[in-house]
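Participant: Below are the sequence and a predicted model for it; my questions follow.
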Amino acid sequence: MANSTNPREEYRPQSSDIKEQQLPYPASQEDMQQQPDSDLSNYKPAGKLKDKVALITGADSGIGRAVAIAFGMEGARVAVLYNETDQDARETKRMVEAKGAACLLIKADVRSRQACFDAVQQTVAHFGKLNILVNNAAYQQSHSRLEDITEEGLRRTFETNIFGYFFMAQAALPHLKEGDAIINTGSIVGETGLPILVDYASTKGAIHAFTKSLALQLGKKKIRVNAVVPGPVWTPGIPATMPPEEVENFGHEVALERPGQPEELAPAYVLLASSDGSFMTGSLVQVTGGRL
C-alpha cells in the first residue's frame, strides 16, 4: 500500500471495516460511516459509449451513481432518475459533469407508469434520443417473519422493483433501435433466496425472468436485454434497511470475504451497454465476489 498512488488500487474495504450503523430510510450516501467506492477513480475509459444517451433509474447513489459516472466517462450523455434524495442526486450530477459528460436530473417515482413515460420523454426532449435504459431503482426492507410483511410494504417492493422495470421498458422501447440495450439490476438473492428478504428476493427472481423473456421478444429487433446480478454491495440501502447484525461485517460470507463496491459493478454495465456485449442477450451476469 505504501508505494501505491491510489490506495484503493490495492485495498478495498473489508468486511471487518464495516461497523454497525443504522440510518433512516431513505439514507444519504454521505451519512455512511464507511463510504462506498463509487467515484470510478480506478476506472480506465475507452470511449465505448461515445454519442450514446443513457437513462438510469435509482442513480442518485450506490450502484446507479457508479454506472452514471462510468457511462459518462465512456462518452455517454446521462439522465439520472431518482425519487427522494435530492442532495445525493445533485452530487451524482456534479461527479458525472466533472468527467466532462452532460447529466440531466429527473425526480420521479417509477411506481407510476405515467412518471416513467414522462421521464423518457424528458430524456429524449433534452438529449434528442435514447439508446440505453438501465433499470436499477429498488426498494427493500428486512423482515425476520413472513407475517410481518405488510400489504403496503409488499406492494411498494413489487411496484418499485418489477412494475417500475416494466413501465420503464414500455416507455423506452419506442425510442430504442437496433444495437441499443436494456440492462436490469437483479440480485444473487433472486437465485439463492434470503430469509430476511422474502419479498425483495421474489422481485429479483421476477427481474431475472423478465430479462430473459424480454430478450427473446426483442431479439428480432436486435435490441439486447441483460441483467447484472450483484452479490453483497456496500450501498446506502444496507444500513438503512438491514438489521444491525447484518450490517456489521457485511459481505463476509462470499469467497472474497468482503462486500463489493459500486464502482466494481459499473464495468459490467458498460460491457452490456456497449458493442463489447454485442452477442450477449438474456444473460444474467453475476458480480458477486463468489457468493454461490
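Facilitator: Received the coordinates, thanks.
Participant: Figure out the length between the terminal residues of stretch 229-244.
Facilitator: Length of stretch 229-244, first residue to last, Cα to Cα, to the nearest Å: 24 Å.
Participant: Name the residues of that stretch that are buried.
Facilitator: Neighbour-count burial for stretch 229-244 flags 229-242 (criterion: 16 or more other Cβ atoms under 10 Å). In this view, the C-beta of every residue, glycine as well, is placed from N, C-alpha and C.
Participant: out of these, which one sits closest to Tyr25?
Facilitator: Ala240 (4.4 Å; Cβ to Cβ).
Participant: about what we covered before: tabulate the buried residues of stretch 229-244 in a markdown table, adding columns for distance to Ala215.
Facilitator: Putting the buried residues of stretch 229-244 into a markdown table (distance: Cβ to Cβ, whole Å) gives the following:
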| residue | distance to Ala215 |
| --- | --- |
| Val229 | 14 |
| Pro230 | 19 |
| Gly231 | 22 |
| Pro232 | 26 |
| Val233 | 24 |
| Trp234 | 29 |
| Thr235 | 26 |
| Pro236 | 30 |
| Gly237 | 27 |
| Ile238 | 30 |
| Pro239 | 34 |
| Ala240 | 32 |
| Thr241 | 30 |
| Met242 | 31 |
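Participant: Inside strands: which ones of those?
Facilitator: 229-230 (DSSP state E).
Participant: Out of the buried residues of stretch 229-244, which is nearest to Ser275?
Facilitator: Looking across those and measuring by Cβ to Cβ, the closest to Ser275 is Val229, at 21.9 Å.
Participant: Show me where this structure has its strands.
Facilitator: Remark: strands assigned in the chain by DSSP E are 53-57, 77-82, 103-107, 132-135, 181-185, 224-230, 284-287.
Participant: Which one of those lies nearest to Lys44?
Facilitator: Closest approach to Lys44 among the strands of the chain (Cβ to Cβ): strand 284-287, 17.7 Å.
Participant: Output the contacting helices and strands for the closest one.
Facilitator: With contacts taken as 3 or more Cβ pairs under 8 Å, 6 or more residues apart in numbering; DSSP states H and E, strand 284-287 sits against helix 198-218, strand 224-230, helix 262-273.
Participant: What strands line up against that strand, and which way round?
Facilitator: Strand 284-287 sits in its sheet next to strand 224-230 (parallel), going by DSSP bridges.
Participant: contacts for the strand it pairs with?
Facilitator: 63, 180-188, 190-191, 207-208, 211, 214-215, 218, 260, 265, 268-269, 272, 277-278, 280-288 (Cβ atoms under 8 Å, 6 or more residues apart in numbering).
Participant: Ok, stretch 269-283 next?
Facilitator: 48-49, 52, 54, 67, 70-71, 74, 76, 132, 134, 179, 181, 183, 211-212, 215-216, 218-219, 224-228, 285.
Participant: Now with 7 Å, please.
Facilitator: Contact with stretch 269-283 is made by 48-49, 54, 67, 70-71, 74, 132, 134, 181, 183, 211-212, 215-216, 219, 224-226, 228, 285, as judged by Cβ atoms under 7 Å, 6 or more residues apart in numbering.
Participant: picking up where we left off before, possible to save the strands of the chain as JSON lines with mean pLDDT?
Facilitator: Formatted as JSON lines, those follow (pLDDT from 0 to 100):
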{"stretch": "strand 53-57", "mean pLDDT": "99"}
{"stretch": "strand 77-82", "mean pLDDT": "98"}
{"stretch": "strand 103-107", "mean pLDDT": "98"}
{"stretch": "strand 132-135", "mean pLDDT": "99"}
{"stretch": "strand 181-185", "mean pLDDT": "99"}
{"stretch": "strand 224-230", "mean pLDDT": "99"}
{"stretch": "strand 284-287", "mean pLDDT": "98"}
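Participant: what residues are up against the closest residue to Glu248 other than its chain neighbours?
Facilitator: Once flanking residues are discounted, Glu248 sits nearest to Glu20: 4.3 Å by Cβ to Cβ, 6 or more residues apart in numbering. Contacts here follow Cβ under 7 Å, 6+ apart; on that basis Glu20 touches 244, 247-248.
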